[in-house]
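K.L.:
build me a structure from this.
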Amino acid sequence: MAKIKVRYRNDLNLIPMRNFEAKEMDLFFSICAKMKDKGTAKVRFDFEQLRELSAYKPTSLDRFSDSLESVYDKMMHLSYRTETEDEIERFALFTGFKISKKEQYVEISVNPDLEHLINRLTKEFTKFELEEFTEIRSSYAKTMYRLLKQFKSTGFYKVKIEEFRTILDIPESYKMGNIDQRVLKPIKDELAPYFDDLKIIKHKARKENKIAVIEFRFKEKKSNKKFVPLHNWLEESN
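P.N.:
Numbering: from 1, shown residues only. As a prediction, the model looks like this:
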C-alpha cells in the first residue's frame, strides 16, 4: 500500500464510533483520507481502490458490498454535537452514499455543515499513516492510536474514566477488571510497535477505591522495528 496520510480535525476523535468493527473503521478512515480537500462534491471510489486502501481481504463482491452498507449505516449514526448558551445542534458527517454493485463503485458526499472536519485543515488536526492503522486489530486500539497521534507532540494524554468509556464506546456492563483485560491490554500490546515507552497509569479518586482517571505516557516511535513488551504493561497510582 502507498503511504497514505489520514488528516482531519481533532474534533473527530471525540465522536464515539459506536458499534464499528475494526475493519469498518479501516474503510471509514480510508474514505476520509481520499475525501480530504474535495469540499462537498460527490467523490467516487471504485471497489478495488477501497479494498487496497483499507487492506480488505475478503474478495466476494456481495460481502464487500455488505461491509460498505454496514459502514454507511453506522456512519449515519456518527453525530457531531455543538452547544452554545442558547442552542444545541447535531449533524451527520456524511449525507450521500450510493453503492453500485454492477459497476463496482461507491459514491459519497460530505455534509456541508461539517466538511471543515476533513477539509481546510490549518491547525489542531490529527495525522497518521493509513497503513499503520489498518495493521491494528482491535477497535479499541485503533481509537487509542488516533488519540495518541493527536497528542504526539506532548507524549501525554489524560482522560476521565467516564469520557474514556464514551469515546471508546465501552459497554456499560464492563467493570474495571473487564476494561483492564479487554480494552487496556489490547491497547498496550497492539500499539507497542508504534509508540515507545507506552505507559498506562490508573489514578484512583480521592477517598474512593475506584479508578477516576486514566493517563497515557508515550513517545512516538521513530523506528519501524516492532516489539511487544512482555511485562509491566499496566501501572496503577493511588
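
K.L.:
and the residue of the chain most remote from its centre, what pLDDT?
P.N.:
Largest separation from the mean C-alpha position in the chain: residue 207, at 34.2 Å (Cα atoms, centre = their mean). pLDDT recorded at residue 207 is 79.

K.L.:
kindly report the same for residue 137.
P.N.:
For residue 137, the pLDDT comes out at 92.

K.L.:
phi, psi of it?
P.N.:
Per-residue torsions, residue 137: phi -90, psi -50 (degrees, to the nearest 10).

K.L.:
against residue 26, how distant is the closest residue to residue 46 other than its chain neighbours?
P.N.:
Nearest residue to residue 46, sequence neighbours excluded (Cβ to Cβ, 6 or more residues apart in numbering): residue 105, at 4.9 Å. Every residue, glycine included, has its C-beta placed from N, CA and C. Distance, residue 105 to residue 26, by Cβ to Cβ, to the nearest Å: 18 Å.

K.L.:
kindly report the same for residue 57.
P.N.:
Going from residue 57 to residue 26 by Cβ to Cβ gives 11 Å.

K.L.:
compare those two (neighbour count), which wins?
P.N.:
Just comparing residue 57 and residue 26: by other Cβ atoms under 10 Å the higher neighbour count belongs to residue 26, 24 against 7.

K.L.:
which positions within the helix or strand that one falls within qualify as buried?
P.N.:
Counting by DSSP states H and E, the element that carries residue 26 is helix 22-35. Buried residues in helix 22-35, counted by 16 or more other Cβ atoms under 10 Å: 23-35.

K.L.:
closest to residue 98 among those?
P.N.:
Distances from residue 98 to the buried residues of helix 22-35, taken as Cβ to Cβ, are shortest for residue 31 (13.1 Å).

K.L.:
circling back to that earlier point, for the helix holding residue 26, enumerate the helices and strands it packs against.
P.N.:
Here helix 22-35 touches strand 5-9, strand 43-46, helix 47-54, helix 61-75, strand 105-110, helix 130-135, helix 139-150, going by 3 or more Cβ pairs under 8 Å, 6 or more residues apart in numbering; DSSP states H and E.
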